[in-house]
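Colleague: starting from these lines, generate the structure:
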Amino acid sequence: MDANKKKRFAAVIIFGLAIWFCPHIEEITDVAWHLFAIFAATILGFILQPIPIGAVAFIGVTMAALTGVVTVGVAISGYGNSTIWLIICAFLLARAFIKSGLGRRISFLIIKAIGKSSLTLGYAITLADFVMSPATPSSTARAGGIIYPIIRSLSTALGSEPGATARKFGAYIMQIEYQANAITCGMFMTAMAGNPMAVELAAKAIGVEITWSSWAMAAIVPGLISLAVMPILIYKLFTPEIHEMPHARNMAIEELDKMGKMSYMEKVVAVVFVGALVLWGTSELTHMNATGVGMLAVTVLIISGVLTWQDVLQEKGAWDTMFWMGSLIALASALSKSGFIKTVSTMAGDAIQSAGFSWLTAFMILILIYVYSHYAFASVSAHISAMYAAFLSVSVVVGTPPLLAAIAFAALSNIMIPLTHYGGGAAPILYGAGFVTQGKWWQLGFIMVTVNLVIWLGIGSLWWKLIGLW
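Modeller: Below is the predicted model of the structure:
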């Protein structure tokens with residue numbers, strides 16, 4: 001470890017100790033406060049990166065266990081989280097796409113059809129996510145299992161790999177999918193696993209029923225505007241080196257001719273891919289867990305010989321992701337159960353309520369606090385379970401129309417995902433591909449979330465008034 005990294009490592013430790021020994025209010029227990037100190041230090045470690053983030057996260061949960069803040073069982077509980085294993089399966093499915101050549105074939109077919117420019121390809125990926133989102137309740141499955149293998153192979157086909165050539169195309173298209181996935185998650189009740197939780201909490205907290213159609217009707221206008229604006233804005237902010245592709249179609253035709261007919265491995269991967277898509281899309285009917293479907297897909301790939309066990313062991317991105325995401329989920333879950341986040345969010349809401357703001361102003365302030373507090377969460381579901389009911393209740397108390405508040409907080413629970421590289425299930429897969437640095441990821445995330453908030457709270461509010469939500 002060089003001198004600079006030692007300084008950053010020391011800064012993380014000092015930061016954590018400062019919070020640990022800092023006095024706190026009586027409503028927060030010592031255990032909850034100490035857990036917050038470890039969690040905050042871990043997040044700072046993610047930012048400063050004195051060592052790889054997987055190591056930072058593992059040290060974080062280890063310290064939590066050794067200091068008695070959590071039990072060892074709780075510390076390692078995140079590694080058994082179903083979302084983690086869905087992510088791992090997505091990485092392995094992507095490896096099968098690349099190894100078999102099917103990803104390359106699909107990539108050239110896409111280029112042949114609409115590959116006029118990087119911008120049109122960005123819109124194509126955005127459209128694909130939107131079309132699948134109502135029938136794919138797992139955003140991780142949609143982004144990681146379905147779209148990621150395609151855009152990863154497309155990047156390779158265009159000569160863009162992590163590192164020196166990342167900005168040619170790969171970095172841009174990874175951001176496009178991450179942003180598109182977050183927006184589509186907010187547009188339909190069935191587009192993300194945490195959305196039904198918000199519906200249930202709204203019914204229990206304020207007695208409001210959010211139907212599938214009322215959610216879709218409220219979100220369709222601001223959602224479509226966000227989807228239309230996002231690709232061109234990312235293109236301007238994070239311009240890929242490949243702009244126009246005048247020879248792309250001819251190149252694709254030539255490469256497809258060289259590849260010839262589909263091989264056995266390609267056919268197997270294609271069947272597994274379509275089968276997984278169907279099972280993910282019909283989970284409401286079959287009640288099959290998204291992670292179980294992913295595991296089944298990997299099992300078939302191994303039995304058929306497309307993937308060897310060595311392929312599984314060598315998928316370093318999957319195992320690195322398991323360490324940092326699993327550790328963070330364990331810490332975030334424990335922090336939520338400790339009552340820390342609920343206490344802080346309730347105090348924030350009470351302060352706004354007592355300030356005498358109009359309901360609309362108070363509602364906007366609560367939304368902003370709710371959205372930007374996502375920096376402290378490793379999953380949308382954890383954020384919803386910790387803060388949704390409390391903030392929703394305060395909003396209604398200050399005069400916000402109940403259905404408006406319920407749908408707005410629920411939809412924006414997804415719009416906030418891009419703030420970090422750990423903010424949602426798709427994040428570790430797309431960030432883990434290695435095309436975009438953490439600093440740039442956070443910068444673009446903040447900009448896009450802010451732009452989307454302006455769209456949803458600006459144009460969206462006018463639309464919500466037009467359809468009678470307020």
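
Colleague: remind me, longest helix of this protein?
Modeller: Longest helix in the chain by number of residues (criterion: DSSP state H): helix 212-237.

Colleague: now do the buried residues in that one.
Modeller: 214-216, 218-219, 221-223, 225-227, 229-231, 233-235 (16 or more other C-beta atoms under 10 Å). Placement of C-beta: from N, CA and C, glycine included.

Colleague: just checking, next helix/strand downstream of that helix?
Modeller: helix 248-259 (DSSP states H and E).

Colleague: name the helices or strands packed onto that following helix?
Modeller: helix 102-114 (3 or more C-beta pairs under 8 Å, 6 or more residues apart in numbering; DSSP states H and E).

Colleague: give the buried residues for the helix it packs on.
Modeller: Neighbour-count burial for helix 102-114, counted by 16+ other C-beta under 10 Å, picks out 102, 103, 104, 105, 106, 107, 108, 110, 111, 112, 114.

Colleague: what's the lowest-pLDDT member of those residues?
Modeller: Ranked by pLDDT, these bottom out at residue 107, which has 73.

Colleague: model confidence for the closest residue to residue 52 other than its chain neighbours, exactly?
Modeller: Sequence neighbours aside, residue 320 is the residue nearest to residue 52 in space, at 7.5 Å (criterion: C-beta to C-beta, 6 or more residues apart in numbering). Residue 320 carries a pLDDT value of 85.

Colleague: in contact with residue 320, which residues?
Modeller: Going by C-beta atoms under 8 Å, 6 or more residues apart in numbering, residue 320 touches 52, 54, 432.

Colleague: adding neighbour count, write the residues you listed out as TSV.
Modeller: Listed next are those as TSV, based on neighbours: other C-beta atoms under 10 Å:
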residue	neighbour count
52	13
54	17
432	23
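
Colleague: wait, residue 244 sits on residue 119?
Modeller: No - counting by C-beta atoms under 8 Å, residue 244 stays clear of residue 119, with 9.1 Å between them.

Colleague: what are the structural domain limits within the chain?
Modeller: Following automatic domain parsing, one finds the domains of the chain at 1-75, 81-190+240-315.

Colleague: so of these, which one's packed in deepest?
Modeller: domain 81-190+240-315 (a mean of 20; mean count of other C-beta atoms under 10 Å).

Colleague: how far does that domain stretch from start to finish?
Modeller: 19 Å (C-alpha to C-alpha, to the nearest Å).

Colleague: from residue 271, how far out is residue 117?
Modeller: Residue 117 is 32 Å from residue 271, where distance means C-beta to C-beta, to the nearest Å.

Colleague: tell me the centre residue of this protein?
Modeller: residue 424 (2.6 Å; C-alpha atoms, centre = their mean).

Colleague: for the nearest residue to it once chain neighbours are set aside, what are its contacts?
Modeller: Of all residues not flanking residue 424 in the chain, residue 417 sits nearest, at 4.0 Å (C-beta to C-beta, 6+ apart). Residue 417 makes contacts with 178, 181, 182, 185, 374, 380, 423, 424, 426, 427, as judged by C-beta under 8 Å, 6+ apart.

Colleague: wait, which of the residues you listed is closest to residue 312?
Modeller: Residue 312 lies nearest to residue 426 out of those, by C-beta to C-beta, at 21.2 Å.

Colleague: how about that closest one, what does it touch?
Modeller: Residues in contact with residue 426 (C-beta under 8 Å, 6+ apart) are 139, 140, 142, 143, 144, 148, 177, 178, 181, 417.

Colleague: out of those residues, what pair is the most spread apart?
Modeller: Once C-beta to C-beta is applied, the contacts of residue 426 give 148 and 417 as the farthest pair, at 15.4 Å.

Colleague: need the domains of the chain in JSON lines with distance to residue 386, can you?
Modeller: As requested, the domains of the chain are arranged in JSON lines below (distance: least, C-beta to C-beta, whole Å):
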{"stretch": "domain 1-75", "distance to residue 386": "12"}
{"stretch": "domain 81-190+240-315", "distance to residue 386": "16"}
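
Colleague: out of those, which comes closest to residue 208?
Modeller: For those, the distance to residue 208 is smallest for domain 81-190+240-315, at 13.6 Å, taking C-beta to C-beta.

Colleague: now do that closest one: distance to the chain's middle.
Modeller: 16 Å (C-alpha atoms, centre = their mean, to the nearest Å).

Colleague: surely residue 6 and residue 13 touch.
Modeller: No - assessed by C-beta under 8 Å, residue 6 is found out of contact with residue 13, at 10.6 Å.

Colleague: okay, and the common contacts of these two?
Modeller: Listed contacts common to residue 6 and residue 13 are nil; contacts here mean C-beta under 8 Å, 6+ apart.

Colleague: average pLDDT across the longest helix of the chain?
Modeller: 95.

Colleague: what about the closest residue to residue 219 other than its chain neighbours, which SS state?
Modeller: Nearest non-adjacent residue to residue 219, counting by C-beta to C-beta, 6+ apart: residue 187, 4.4 Å away. Following DSSP: H, G, I helix; E, B strand; the rest coil, the label given to residue 187 is coil.

Colleague: ok, now which ones touch residue 187?
Modeller: 130, 133, 216, 219, 220, 223, 411.

Colleague: which two in those residues are spaced the farthest apart?
Modeller: Most distant of the contacts of residue 187, by C-beta to C-beta, are 130 and 411, 14.6 Å apart.

Colleague: shaky segments in this structure?
Modeller: Applying pLDDT under 70 to the chain flags residues 135-137, 247-248, 284, 345, 349.

Colleague: if we go to 50?
Modeller: By pLDDT under 50, the chain contains no weakly predicted segment.

Colleague: ranges for the strands of it?
Modeller: In the chain, no segments count as strands under DSSP state E.

Colleague: neighbours of residue 333, how many?
Modeller: When neighbours are counted by other C-beta atoms under 10 Å, residue 333 registers 21.

Colleague: how about it, what does it touch?
Modeller: 74, 77, 78, 382.

Colleague: enumerate every residue touching the residue nearest to the second one when sequence neighbours are not counted.
Modeller: The spatial neighbour of residue 77 that comes closest, neighbours along the chain excluded (C-beta to C-beta, 6+ apart), is residue 330 at 5.1 Å. Residues in contact with residue 330 (C-beta under 8 Å, 6+ apart) are 61, 70, 74, 75, 76, 77, 78, 79.

Colleague: and the gap between residue 408 and residue 415?
Modeller: From residue 408 to residue 415 the distance is 10 Å (C-beta to C-beta).
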